[in-house]
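>>> no sequence for this one, just the structure:
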Ligand code: 4AD
Ligand code: MG
């Protein structure tokens, strides 16, 4: 929060520390701040200006916290261009505030307007003291980071990103930078964005693809993580995924971030479930301890004391069929769960996260592990459904048995394109599994944000690519 103005003070502390050699810098800083005014340099954007006869009061935000810093200056420091929205560089002393509203304030000695905000008030989309809905500010992707709500969201997103990385690092996972461009369609759902140089029309008819083969923006890092799981027992990635979903729904984006992990030497879906649960809980705990004020702005009743529930897909269908709820799509064994079904199941299970396990064989991609059961043929795949969102994670055990995998790929006509994938099973294959968590849906869930487009800095969805 504080800039180069601190250096002088730190220098002084180090000199003193040399003499005393007894205290750490932090203790000395605390001691000194009691004895001396704390000289700082503060840079940020003016959120409000209140001018009185003798004094000038500013609220200045540097993006580090929800509350701006109160700056008090003598009226003669008021200068041209010092208005709402301008960028300022202020030096002064940090002092205990006489007001109950903040603990400290900055007594300004010098104020420099670095960048004027030369707007005609009517042109600026946000009112100085107004509260705007997330839907309204979404129309201004180049300006919405300046609002309280969206800057809080961005700080939370940044903290959640750090929390995810910390979790995996602390638990011995190796991070893999998986490619954005790939020649595989991991999920086989047919919602791929194809990649070719701009201006190459009718690419489907051409044999001269840029990469010699058709290539796409990745829909999932899973297959690349599975490659790495041949050498590392626990790997993860955290990067963008792209899906050409022609959907305006409040939980689909064309570009979103996915946290994906793959663990080896496991033959139980329970290990994958535990990992999903741990990632969710540790990230949420981190948010509550590191940016509670920002989280509070969104959600007044966040809880991480979730007991995660678990039901099989077959049980889920039974529950849906027994309910009196009139569904638009009637639930049927063998058909995908719709959003309305997912929401009902979450409520039915006590409004807590619910794992739905063991889906029909024909519903899941080629890589899912065959349960070889009968008469209802299922695979060891699971989804995690959460309150307010529905599906947050998808995962499975992967088919590690060469013969079964070969037969399934052959039936799908994919054997030749996945020769390399089959080799992973030939050379030191281990039982393994993993999952993918939609990062924006996670933020939706923990913050109670209704529309996924308000959880990502720049939302991409069908018919919209602003900026
Ligand atoms: O369930 P999905 O499709 O699973 C996979 O891609 C696996 N290959 C992951 C793995 O096992 N490594 O996607 C995982 C999650 C979903 O549960 C959802 O939260 C999110 O990614 N997701 C989307 N989020 C926003 N917009 C979209 N269009 C999304 N599609 C999936
Ligand atoms: Mg899924």
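Yes, it's here. None of the values given here were measured: they were computed from a predicted structure. Ligands and ions are numbered 1, 2, ... in the order given.
>>> look at residue 145 and say how many residues are nearby.
By other C-beta atoms under 10 Å, the residues close to residue 145 number 14. C-beta: built from backbone N, CA, C; applies to glycine.
>>> stretch 84-103 spans what distance, first to last residue?
23 Å (C-alpha to C-alpha, to the nearest Å).
>>> buried residues in it?
Under the neighbour-count criterion of 16 or more other C-beta atoms under 10 Å, stretch 84-103 has 84-88, 90-92, 94 buried.
>>> out of these, name the ones that lie in strands.
When DSSP state E defines the strands, the subset of the buried residues of stretch 84-103 inside them is 87-88, 90-92, 94.
>>> for those, which one is nearest ligand 1?
Ranked by distance to ligand 1 (C-beta to the nearest ligand atom), those are led by residue 87 at 34.7 Å.
>>> mind checking the SS state of the residue in the stretch 251-400 of the chain positioned nearest to ligand 1?
Taking C-beta to the nearest ligand atom, ligand 1 has its nearest neighbour within the stretch 251-400 of the chain at residue 394, 2.4 Å off. Secondary structure for residue 394, judged by DSSP: H, G, I helix; E, B strand; the rest coil, is strand.
>>> report the beta-bridge partners for it.
residue 383, residue 436 (DSSP bridges).
>>> reformat the buried residues of stretch 84-103 as a markdown table; add pLDDT.
Shown next, in a markdown table, are these (pLDDT from 0 to 100):
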| residue | pLDDT |
| --- | --- |
| 84 | 88 |
| 85 | 88 |
| 86 | 92 |
| 87 | 95 |
| 88 | 97 |
| 90 | 97 |
| 91 | 95 |
| 92 | 96 |
| 94 | 90 |
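>>> JSON lines for these, including distance to ligand 1?
Shown next, in JSON lines, are the buried residues of stretch 84-103 (distance: C-beta to the nearest ligand atom, whole Å):
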{"residue": "84", "distance to ligand 1": "36"}
{"residue": "85", "distance to ligand 1": "33"}
{"residue": "86", "distance to ligand 1": "37"}
{"residue": "87", "distance to ligand 1": "35"}
{"residue": "88", "distance to ligand 1": "39"}
{"residue": "90", "distance to ligand 1": "41"}
{"residue": "91", "distance to ligand 1": "45"}
{"residue": "92", "distance to ligand 1": "45"}
{"residue": "94", "distance to ligand 1": "43"}
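>>> can you redo the residues you listed as TSV with distance to residue 321?
As requested, these are exported to TSV (distance: C-beta to C-beta, whole Å):
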residue	distance to residue 321
84	58
85	57
86	62
87	61
88	63
90	65
91	70
92	68
94	64
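>>> rewinding a little: right, and the residue of the stretch 251-400 of the chain closest to ligand 1 touches residue 441 too?
No. If you go by C-beta atoms under 8 Å, residue 394 and residue 441 don't touch, sitting 10.9 Å apart.
>>> average pLDDT for stretch 43-63?
The pLDDT scores in stretch 43-63 average 94.
>>> and what of stretch 374-381?
96.
>>> rewinding a little: closest one of the ones in strands among the buried residues of stretch 84-103 to residue 156?
Nearest to residue 156 out of those is residue 87 (C-beta to C-beta; 24.1 Å).
>>> what is the neighbour count of the nearest residue to that closest one once chain neighbours are set aside?
With C-beta to C-beta, 6 or more residues apart in numbering as the criterion, residue 87 has its nearest non-adjacent residue at 3.9 Å, and that residue is residue 115. By other C-beta under 10 Å, 12 other residues sit near residue 115.
>>> and the gap between residue 115 and ligand 1?
Distance of residue 115 to ligand 1, computed by C-beta to the nearest ligand atom, to the nearest Å: 36 Å.
>>> what's the burial count for residue 230?
By other C-beta under 10 Å, neighbour count at residue 230 equals 16.
>>> my error: substitute residue 363 in the last question.
15.
>>> can you give me the neighbour number for residue 453?
Using other C-beta under 10 Å: residue 453 sits among 22 other residues.
>>> how close does it get to residue 283?
21 Å (C-beta to C-beta, to the nearest Å).
>>> kindly report the same for residue 239.
17 Å.
>>> which one's more surrounded, the two?
A side-by-side neighbour count of residue 239 and residue 283, using other C-beta under 10 Å, places residue 283 first with 26 against 17.
>>> which bits of the stretch 201-350 of the chain sit near ligand 1?
Taking C-beta under 6 Å from any ligand atom as the criterion, the stretch 201-350 of the chain approaches ligand 1 at residues 220, 222, 243, 245, 252-253, 256, 258, 260.
>>> include secondary structure when you put those into JSON lines, please.
Converted to JSON lines, those look like this (three-state DSSP):
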{"residue": "220", "secondary structure": "coil"}
{"residue": "222", "secondary structure": "helix"}
{"residue": "243", "secondary structure": "coil"}
{"residue": "245", "secondary structure": "coil"}
{"residue": "252", "secondary structure": "coil"}
{"residue": "253", "secondary structure": "coil"}
{"residue": "256", "secondary structure": "strand"}
{"residue": "258", "secondary structure": "strand"}
{"residue": "260", "secondary structure": "strand"}
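>>> highest neighbour count among those?
residue 222 (29 neighbours).
>>> the closest residue to that residue other than its chain neighbours: which element?
Closest residue to residue 222 apart from its sequence neighbours, by C-beta to C-beta, 6+ apart: residue 186 at 5.2 Å. Applying DSSP states H and E as the criterion places residue 186 outside every helix and strand.
>>> in stretch 72-80, what counts as buried?
72-73, 77.
>>> number of residues surrounding the closest residue to ligand 1 within the stretch 1-150 of the chain?
Closest to ligand 1 within the stretch 1-150 of the chain is residue 138: 16.0 Å, counting by C-beta to the nearest ligand atom. Using other C-beta under 10 Å, residue 138 is surrounded by 17 other residues.
>>> residues from the stretch 351-467 of the chain in reach of ligand 1?
391-395, 434-436, 438, 440-441.
>>> so which of those residues comes closest to residue 321?
residue 391 (20.0 Å).
>>> quick check: phi and psi on the closest one?
For residue 391, the backbone dihedrals (degrees, to the nearest 10) come out as phi -70, psi 120.
>>> nearest residue to it in space, ignoring adjacent ones along the chain?
Per C-beta to C-beta, 6+ apart, closest to residue 391 is residue 383, 5.1 Å.
>>> what of residue 110?
residue 91 (4.8 Å).
>>> contacts only, for that neighbour.
By C-beta atoms under 8 Å, 6 or more residues apart in numbering, the residues touching residue 91 are 5, 39-42, 108-110.
>>> tell me how far residue 180 lies from residue 193.
11 Å.
>>> if we go by neighbour counts, what in stretch 365-384 is buried?
Result for stretch 365-384 [16+ other C-beta under 10 Å]: buried residues 365-371, 378-384.
>>> also stretch 278-291?
Result for stretch 278-291 [16+ other C-beta under 10 Å]: buried residues 279-284, 286-287, 291.
>>> just send these back as CSV, with secondary structure too.
Converted to CSV, the buried residues of stretch 278-291 look like this (three-state DSSP):
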residue, secondary structure
279, helix
280, helix
281, helix
282, helix
283, helix
284, helix
286, helix
287, helix
291, coil
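>>> ok, so of these, who is nearest residue 229?
residue 279 (17.2 Å).
>>> so where is the stretch 51-200 of the chain shaky, pLDDT-wise?
Counting by pLDDT under 70, the low-confidence segments of the stretch 51-200 of the chain come to 119-122.
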